[in-house]
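Asks: Test case, fold it:
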Amino acid sequence: MESIIEAVGQTPMVRLHAIEKDVPGVELYLKLEYMNPGGSVKDRPARQMLLDAIESGRFTRDKTLIDATSGNTGVAYSLFGAALGYKIALVMPANVSKPRKDITQSYGTELIFSDPMEGSDGAIRLVRKLVAENPDKYFYSDQYSNPSNPRAHYLGTGVEILEQVGDRITHFVAALGTSGTAMGTTRRLREHHRKIVCVAAEPAEALHGLEGLKHMASSIVPNIYDATLPDEILPVSTDAGWDMSDRLAEQEGLMVGHSSGANVAAALALAKRLTAKGEPGCVVTIACDRHDRYFAPLKWEKKYVW
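Replies: Sure thing, here's the model as predicted:
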């Protein structure tokens, strides 16, 4: 390949044999999006948004790309900006994990911190203020409203899932943050010749510890989010997400973050329904990133307001 830009996608999928023991007759698969070069599922939309903006002329070398992020999209912007020679600035809550701050800064990215108690919504409000004050300086990528975000998953993630598991898939689960993964992948799976149940998972509580995820009823709802698209919105508790992350490390050898834990917890809940009815199934979900992005927070921070 010509550059790191081309290394995004074609991530592997693994079967969760240990977790499956809870749901006889149902297959559980996890797509390892942390195998992207930037270490997360956010490589896909960041790459798509950046390339589409450059191609359309909206993002030029005399401007700085700016966006609000809880970390992973920022890492991806920083990586691809460095590779292509474009300036990047990020607004993120001051309490995102130290590894994410260190990684983005290592690429030469400018970091601007928002109030940690306001979470991702506080970062959104601050970036909008900065762009309004400096319209000629910034290109605002706006991952929460940019159609290139779900488009990346429509063109990539959804296609790859069908290539990897084919007609075996019966259910797909993705947690909601920007909602790009859930929206784009679901739209592609909807085009399959057979019905695939697509479920969006979200934090069960407004005040939760699942970094990067949104409790939609209490949040600034992303413009790319369509609540009518998923077949179901499934709530997942902070404890369930954190506990499943630990279980995946201990039983499957998979070190993943808490949003990934929430995805698998939701997938397992769906699988248990199928088992209770005596129905077979194949549930696919996403490993958003690796656990090393979360090494800084300690166990007692589980219920911290992100």
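Asks: Do you know the pLDDT at Ser70?
Replies: Per-residue confidence (pLDDT) for Ser70: 72.
Asks: which residues sit in contact with it?
Replies: Taking Cβ atoms under 8 Å, 6 or more residues apart in numbering as the contact definition, Ser70 lies against Met92, Pro93, Val96, Arg100, Gly119, Ser120, Ala123, Gly177, Glu211, Gly212, Trp306. Any C-beta I mention is one placed from the backbone N, CA and C, and that applies to glycine too.
Asks: rerun at 6 Å
Replies: With contacts defined as Cβ atoms under 6 Å, 6 or more residues apart in numbering, Ser70 is in contact with Val96, Ser120, Glu211, Gly212.
Asks: Doesn't it belong to a strand?
Replies: No. Secondary structure of Ser70 (DSSP: H, G, I helix; E, B strand; the rest coil): coil, not part of a strand.
Asks: which residue sits closest to it, ignoring its sequence neighbours?
Replies: For Ser70, the nearest residue in space outside its immediate sequence neighbours is Gly212; the separation is 4.4 Å by Cβ to Cβ, 6 or more residues apart in numbering.
Asks: Check the burial of Arg188 by counting its neighbours.
Replies: The burial count assigned to Arg188 is 22, neighbours taken as other Cβ atoms under 10 Å.
Asks: again with Glu20
Replies: For Glu20, using other Cβ under 10 Å, the count is 17.
Asks: May I have the beta-bridge partners of the nearest residue to it once chain neighbours are set aside?
Replies: Residue nearest to Glu20 in three dimensions, not counting chain neighbours: Leu28, with 5.2 Å by Cβ to Cβ, 6+ apart. Partner residues in beta bridges with Leu28: Val283, with DSSP bridges as the criterion.
Asks: Would you mind giving me the confidence score for Leu28?
Replies: Reported pLDDT at Leu28 in the predicted model: 98.
Asks: which residues sit in contact with it?
Replies: Under the criterion of Cβ under 6 Å, 6+ apart, the neighbours of Leu28 are Leu16, Ile19, Glu20, Ala267, Val283.
Asks: same question, Leu270
Replies: Residues near Leu270 by Cβ under 6 Å, 6+ apart: His171, Val283.
Asks: got the phi/psi numbers for it?
Replies: With angles defined as degrees, to the nearest 10, Leu270 shows backbone torsions of phi -60, psi -40.
Asks: mind checking how far it is from Met255?
Replies: Shown here: Leu270 relative to Met255, a distance of 24 Å by Cβ to Cβ, to the nearest Å.
Asks: So which of the contacts of Leu28 belong to helices?
Replies: Ile19, Glu20, Ala267 (DSSP state H).
Asks: hmm, back to that, which of the contacts of Leu28 has the largest number of neighbours?
Replies: In terms of neighbour count, Ala267 stands highest of the contacts of Leu28 at 29 neighbours, by other Cβ under 10 Å.
Asks: Touching, it and His171? I think so.
Replies: No. If you go by Cβ atoms under 6 Å, Ala267 and His171 don't touch, sitting 7.4 Å apart.
Asks: Overlap in contacts, the two.
Replies: Shared contacts of Ala267 and His171 (Cβ under 6 Å, 6+ apart): Val283.
Asks: quick check: domain ranges of this structure?
Replies: By the assignment in automatic domain parsing, the chain contains the domains 4-40+147-301, 43-140.
Asks: Could you work out the end-to-end span of the shortest one for me?
Replies: Put plainly, it is domain 43-140. With Cα to Cα, to the nearest Å as the measure, the ends of domain 43-140 fall 17 Å from one another.
Asks: mind listing the helices for this structure?
Replies: For the chain, applying DSSP H gives helices covering 17-20, 43-56, 72-84, 98-106, 119-133, 148-152, 158-165, 180-190, 238-247, 258-276.
Asks: looking at these, which has the lowest confidence?
Replies: Mean pLDDT, when computed for each of the helices of the chain, is lowest for helix 98-106, at a mean of 85.
Asks: buried stuff in that helix?
Replies: Counting neighbours by 16 or more other Cβ atoms under 10 Å, one finds that the buried residues in helix 98-106 are Pro99, Arg100, Lys101, Ile103, Thr104.
Asks: so can I have TSV of those showing distance to Lys63?
Replies: Formatted as TSV, the buried residues of helix 98-106 follow (distance: Cβ to Cβ, whole Å):
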residue	distance to Lys63
Pro99	28
Arg100	24
Lys101	23
Ile103	23
Thr104	18
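Asks: any idea how far Leu126 is from Glu133?
Replies: Counting by Cβ to Cβ, the separation of Glu133 from Leu126 is 11 Å.
Asks: go on, Ala132?
Replies: As defined by Cβ to Cβ, Ala132 lies at a distance of 11 Å from Leu126.
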